[in-house]
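K.L.:
Return a 3D structure for these sequence lines:
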Amino acid sequence: MFENLTDKITDVFRRLGNKGRLTESDVDEALREIRLALLDADVHFRVARSLVTKIKEKVMVGDVLASLTAAQYVASVTNDELVSVLGGTTVSLKEGTDKPSKILMVGLNGSGKTTSSAKLAHYLSQAGQLCNLVAADVHRPAAIEQLKTLGEQIEVDVYQNGRDHSAAKIAVEGLDRGRSLRTSWTIVDTAGRFQVNEELMAELEDIKNATMPQEVLLVVDAMTGQEAVNVAEVFHERIGLTGLVLTKMDGDARGGAALSITSVTGIPVKFIGTSERVDGLEQFHPDRLASRILGMGDVLTLVERAKATFEEDKIQQLEKKFLKATFDLEDFLDQMQAVKKMGPMNQMLEMIPGFSAIKGKVNTEGLDGSHLVKAEAIIQSMTKEERQRPELIGGNRRKRISKGSGTSPQDVNQLLNQFKQVRKMMKDMASPGGQKKLLNMMSQQKKGPFGF
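P.N.:
As a prediction, this is how the structure comes out:
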């Protein structure tokens, strides 16, 4: 979402870094470009103006500009101020003294409220906290069925009582269901409207008064721009919000609302939607998003995704196979499927520090995961024996595999040849001086293994 903003800001820092010592005019020009980049990204004008003003106040002190590390200091101050704009610190869900704790999900139609309710239930369940969902949207016919389907998918209980009762009554009954199940959290999915109106607000007030929730989370579409900020202000004034869930953060919109909303409204962002999958919800960390926007990556989130995806015992087994060079195509298929669970490849690469500065110089074909899909289809068209002993695959078998996977014999050849390269790398790694040799080999490759 912030690709253009990241490109512009990192370019500003790169040019500052080439100057050595800086002058006040250098800083003014850089901050002017940063402000324009923020405005172009749809950041609220007051937020953009305040941000660059605070950066200049901290930079223009003492003999900072005379230092050879002045450009680094400007980047550091920018990072700190951006973290502050985004909320400063991570804000967790507030738990009640009695169980279950209650979460009221509110928002307009089309914001992803029902899906986000299920995603949040999945997120909490994965953290070992038992949840139940309540279908209290009695106005949208498909909402109840949608929540039931999602609940079955994530194995979370969904309470519903049709559309003939008031939303407040259903919410209270759903809370009683949570108590009987001894859940830690009860998440109430409420109705939305296409625009804020009195009927919607009155219903939400009734539900809130009946359930006394610890959390009232507004789900807003990050791609709606500054309208998301306006919606948050109206909901907060009437209902009283405790947090925000920003959806579609993986989209290609300018994303300024995500940078403006907390600073303008004072409401913390607690979660962001990173994909359409049920596991596509992450706790919001201001420092991590600021780091990604400034092109410095997000290693912590990358590690967390990897830990949640790869089982420890399988990682140890894989390490042994790497060292003995017995890694086969079945192992590769398992790892490829695990990698796909972590999210889009281009999204993961953006979390690697410095990638934004070199992405224009590397081959990015297939970063949408299409090469993995093709490789997966080829391997799945092989017999178990062929996966374990790829050297058995001759001309006739290549034809059969390509036909079964909807690819060409050349694609099969390319996969097998690249797999041989990987095996050779593993043998080199296990040999004396292997790591240095491997780095030299990788630096000479124009296309990564299995990149097609």
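K.L.:
Kindly indicate whether Ala135 is helix, strand or coil.
P.N.:
Each residue gets one of three states, and Ala135 gets strand by DSSP: H, G, I helix; E, B strand; the rest coil.
K.L.:
Quick check: closest non-adjacent residue to it.
P.N.:
Using CB to CB, 6 or more residues apart in numbering and skipping residues adjacent in sequence, the residue nearest Ala135 is Gln160, 3.9 Å away. In short, each C-beta sits where N, CA and C put it, glycine included.
K.L.:
can you count the residues close to the one you found?
P.N.:
Using other CB atoms under 10 Å as the criterion, Gln160 is surrounded by 22 other residues.
K.L.:
Surely it touches Thr149?
P.N.:
No - checked against CB atoms under 8 Å, the pair Gln160 and Thr149 is beyond contact range at 11.7 Å.
K.L.:
who's in contact with the residue nearest to Gly240 when sequence neighbours are not counted?
P.N.:
Nearest-residue entry for Gly240: Val216, 6.3 Å, with adjacent residues in sequence omitted and distances by CB to CB, 6+ apart. Each residue near Val216 by CB atoms under 8 Å, 6 or more residues apart in numbering is listed here: 103-104, 106, 208, 239-243.
K.L.:
In strands only, show me the residues you listed.
P.N.:
Where these overlap with strands, as defined by DSSP state E, the overlap consists of 103-104, 106, 243.
K.L.:
between those, which is closest to Tyr73?
P.N.:
Of all the ones in strands among the contacts of Val216, the one sitting nearest Tyr73 is Gly243; the distance, using CB to CB, is 33.4 Å.
K.L.:
wouldn't that closest one be in contact with Pro268 here?
P.N.:
Yes - the pair formed by Gly243 and Pro268 meets the contact definition of CB under 8 Å, at 5.5 Å.
K.L.:
which residues are in contact with both of those two?
P.N.:
With contacts taken as CB under 8 Å, 6+ apart, the residues that reach both Gly243 and Pro268 are Val91.
K.L.:
who touches stretch 24-34?
P.N.:
By CB under 8 Å, 6+ apart, the list of residues contacting stretch 24-34 from outside reads 8-9, 12, 15-16, 19, 51-52, 55-56, 59-60, 65, 74, 78.
K.L.:
Mark which of those residues are buried, thanks.
P.N.:
The neighbour-count test (16 or more other CB atoms under 10 Å) marks 8-9, 12, 16, 51-52, 55-56, 59, 65, 74, 78 as buried among these.
K.L.:
what's the neighbour count on the closest residue to Arg238 other than its chain neighbours?
P.N.:
On the basis of CB to CB, 6+ apart, the spatially nearest residue to Arg238 that is not a chain neighbour turns out to be Met201, at 4.9 Å. Residue neighbour count, defined by other CB under 10 Å, stands at 17 for Met201.
K.L.:
got it, and Ala257?
P.N.:
Residues near Ala257, counting by other CB under 10 Å: 27.
K.L.:
Hmm, it is touching Asn230, no?
P.N.:
No - distance between Ala257 and Asn230: 9.6 Å, which falls outside the contact criterion (CB under 8 Å).
K.L.:
what is in contact with the two at once?
P.N.:
With CB under 8 Å, 6+ apart as the test, Ala257 and Asn230 reach no residue in common.
K.L.:
show me where the stretch 51-200 of the chain has strands.
P.N.:
101-106, 131-136, 157-159, 185-190 (DSSP state E, counting those that start in this stretch).
K.L.:
Other residues contacting the first one?
P.N.:
If I follow you right, that is strand 101-106. Counting by CB under 8 Å, 6+ apart, residues outside strand 101-106 touching it are 93-96, 113, 116-117, 120, 171, 175, 184-190, 192, 204, 207-208, 211-219, 235, 239, 241, 245.
K.L.:
following the helix or strand containing Lys374, which helix or strand shows up next?
P.N.:
Assignment of secondary structure by DSSP states H and E places Lys374 within helix 370-380. Later in the chain than helix 370-380, the nearest helix or strand by DSSP H and E is helix 384-388.
K.L.:
Same question for that next one: list its buried residues.
P.N.:
Neighbour counts using 16+ other CB under 10 Å place 386-387 of helix 384-388 among the buried residues.
K.L.:
for it, packing partners?
P.N.:
Other elements packing on helix 384-388 under the criterion 3 or more CB pairs under 8 Å, 6 or more residues apart in numbering; DSSP states H and E are helix 329-342.
K.L.:
how close does the nearest residue to Glu155 once chain neighbours are set aside sit to Arg193?
P.N.:
Taking CB to CB, 6+ apart as the measure, Glu155 lies nearest to Ser125, with 7.6 Å between them; neighbours along the chain are not counted. Ser125 sits 29 Å away from Arg193, taking CB to CB, to the nearest Å as the criterion.
K.L.:
No further queries at this time; thank you.
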